[in-house]
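Chemist: Below are the sequence and a predicted model; questions follow.
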Amino acid sequence: MRYNRSRSSDQNFWVSYADLMAGLLFVFILLIGAIVVKYVYVQTDLKGIKNDLEAQKKVLHIAQLELSQKQRDFLRLRSDMNVTSASLQIAKELLSQKESSLDEATARLQLSDREIENLKKLLLDTELARDEVKGELVASQMELGTTTNTLKLKEGELALLSAKLLENTASHQQLVEDLNLTKSRIKNLTGIRIKVVQELKSKLGKKINIDPNSGAIRLPSSVLFDVGSFELKPEAQKQLKETLQPYLDVLLNDDTIRENIDHIVIEGHTDSDGSYMHNLDLSQKRAYSVMAFIYSLDEKRTALLQKYLSANGRSYSDRIFKNGLEDKEASRRIEIKFNLSNKKAIEEIETFLNRKE
C-alpha cells in the first residue's frame with residue numbers, strides 16, 4: 001500500500017521534474033542557438049573585414065606604385081630642368097659673348113635688322129622654355145602632395161578596421177564567458193537540492209519518509225489530528241517537534257542553502273468525504289495549526305519563518321490513489337516541502353540574452 005502511494009507520488013513528481021528539465025533544456029538550446037547565430041555573424045563580419053583589408057592593401061600598393069612613378073617623373077623633370085638650366089646658362093654665356101662681340105662690332109659696323117630679330121627670337125624662346133620647365137615642376141610638386149595625403153588617409157582607414165576587428169573578438173570572448181557562468185549557475189541549483197536532501201536524510205534518518213528527489217516530507221493527519229479536527233493531538237506534538245526542528249535547521253541554518261531557498265510551504269490535504277469548501281477550510285486550518293506549532297518551537301527564528309514559511313489548504317485537489325481507487329487514509333495528510341529560488345539563474349539568462357542582442 002505504501003509502495004503504491006510512493007509510486008503515484010513519484011510519478012507526479014517525475015512529470016513535474018520532466019517538465020522543468022524540458023523547460024531548462026529548451027532555454028539551454030535557445031542559448032546555444034543564440035551563440036551559434038552570433039558566432040556565424042561574427043565570422044561573416046570578420047570575413048568581410050578581411051576582404052576589405054585585402055582590397056585596401058591592393059589599393060595602397062597601387063597608390064605606392066603610382067607615387068614611385070611620380071617620384072621618378074619628378075626626378076626626370078628635375079634632371080631635364082638641370083639640363084635646361086645648363087642650356088640656359090650656355091645661352092646666356094653665348095648671349096654675353098654676342099653682346100661683347102656686338103659691342104666690339106658696334107664701333108665698326110651696324111648690325112642688320114635680320115640679325116637683331118634672330119637675336120630677339122632666341123632670347124624669347126629661351127625665356128619660354130624656362131617658364132615651361134618651372135610650370136611642370138610646380139605641377140609635379142602639387143601632385144606629389146595629393147598622393148601623400150591619399151596615402152595617409154588609407155593608413156587611417158586600415159587602423160580603424162584593425163580596431164574594429166579587435167573589438168569584435170573581445171565581444172565574442174565575453175559572450176562565451178557569460179554563457180559558461182550561466183551554465184554553472186543552472187548546474188549549481190541542482191547541486192543545492194541534492195545537498196539539501198542528503199542533509200535531511202542525515203538529520204532525520206529513517207524516522208520520517210523523505211522524498212529522495214524533492215526533499216518533501218509527508219505526515220499522516222490521523223497521527224496529528226482527530227477526525228474533523230484541526231487541533232494538534234498532545235501526543236503528536238513531541239513527534240512533530242522531533243521531525244520539524246531538524247528539517248528547518250537544515251534549510252535555514254546553513255547560509256549557502258538558505259540563500260537559495262525561495263519558500264517553505266505547509267500543505268494540508270483531505271480525502272473526498274464532504275464538500276470541497278468544507279475540506280478546504282479544514283485543510284487550511286490544519287496547515288495553520290502546524291505552522292503555529294513551528295513558530296512556538298523557537299521565537300528567535302520568527303523573522304526567518306516570516307520570510308520563508310507559508311501555509312495553505314488543498315482540500316481534496318491532490319488525492320492519493322491506489323489501484324485506481326482513492327486511498328483516503330493516505331490522502332489525509334500534511335506535506336512540508338521547499339522550493340529553490342531560480343531568480344538568479346533567470347536574471348543571468350536574461351542578462352546574457354540582452355547582451356547578445
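Modeler: Sure, I can see it.
Chemist: Return the set of buried residues in stretch 235-249.
Modeler: Neighbour-count burial for stretch 235-249, counted by 16 or more other CB atoms under 10 Å, picks out 236, 240, 243-244, 246-248. C-beta: built from backbone N, CA, C; applies to glycine.
Chemist: Hmm, I typed the wrong one, I wanted stretch 215-226.
Modeler: In stretch 215-226, counting by 16+ other CB under 10 Å, buried: 215-219, 221, 224-225.
Chemist: do the same with stretch 66-76
Modeler: So, applying 16+ other CB under 10 Å, buried residues of stretch 66-76: 67, 70, 74.
Chemist: rewinding a little: so which of the buried residues of stretch 215-226 are in helices?
Modeler: Members of these lying in helices (criterion: DSSP state H): 221, 224.
Chemist: for the helix or strand in which residue 121 is found, what is the average pLDDT?
Modeler: Per DSSP states H and E, residue 121 falls inside helix 113-204. Across helix 113-204, the average pLDDT comes to 65.
Chemist: count of neighbours near the nearest residue to residue 240 once chain neighbours are set aside?
Modeler: Setting aside the residues directly before and after it, residue 240 is nearest to residue 293 in space (CB to CB, 6 or more residues apart in numbering), at 6.3 Å. Neighbour count of residue 293, defined by other CB atoms under 10 Å: 17.
Chemist: Residue 323 now?
Modeler: Here the number of neighbours of residue 323 (other CB under 10 Å) works out to 7.
Chemist: How much space separates it from residue 8?
Modeler: For residue 323, the distance to residue 8 equals 10 Å [CB to CB, to the nearest Å].
Chemist: which strands and helices sit next to the helix or strand harbouring residue 25?
Modeler: In the assignment (DSSP H and E), residue 25 maps to helix 2-106. Applying 3 or more CB pairs under 8 Å, 6 or more residues apart in numbering; DSSP states H and E, we find helix 2-106 packed against helix 113-204, strand 321-322, helix 343-356.
Chemist: 10 Å instead, please
Modeler: helix 113-204, strand 217-220, strand 321-322, helix 328-331, helix 343-356 (3 or more CB pairs under 10 Å, 6 or more residues apart in numbering; DSSP states H and E).
Chemist: Mind checking the pLDDT average for it?
Modeler: Rounded mean pLDDT across helix 2-106 is 77.
Chemist: How about stretch 334-341?
Modeler: Taken as a whole, stretch 334-341 has an average pLDDT of 89.
Chemist: Let's have the buried residues of stretch 215-226 in a markdown table, adding distance to residue 55.
Modeler: Listed next are these as a markdown table, based on distance: CB to CB, whole Å:
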| residue | distance to residue 55 |
| --- | --- |
| 215 | 64 |
| 216 | 66 |
| 217 | 71 |
| 218 | 73 |
| 219 | 77 |
| 221 | 81 |
| 224 | 82 |
| 225 | 84 |
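Chemist: Show me the two of the buried residues of stretch 215-226 that sit farthest apart.
Modeler: Pairwise distances across these (CB to CB) peak at 24.0 Å, for the pair 215 and 225.
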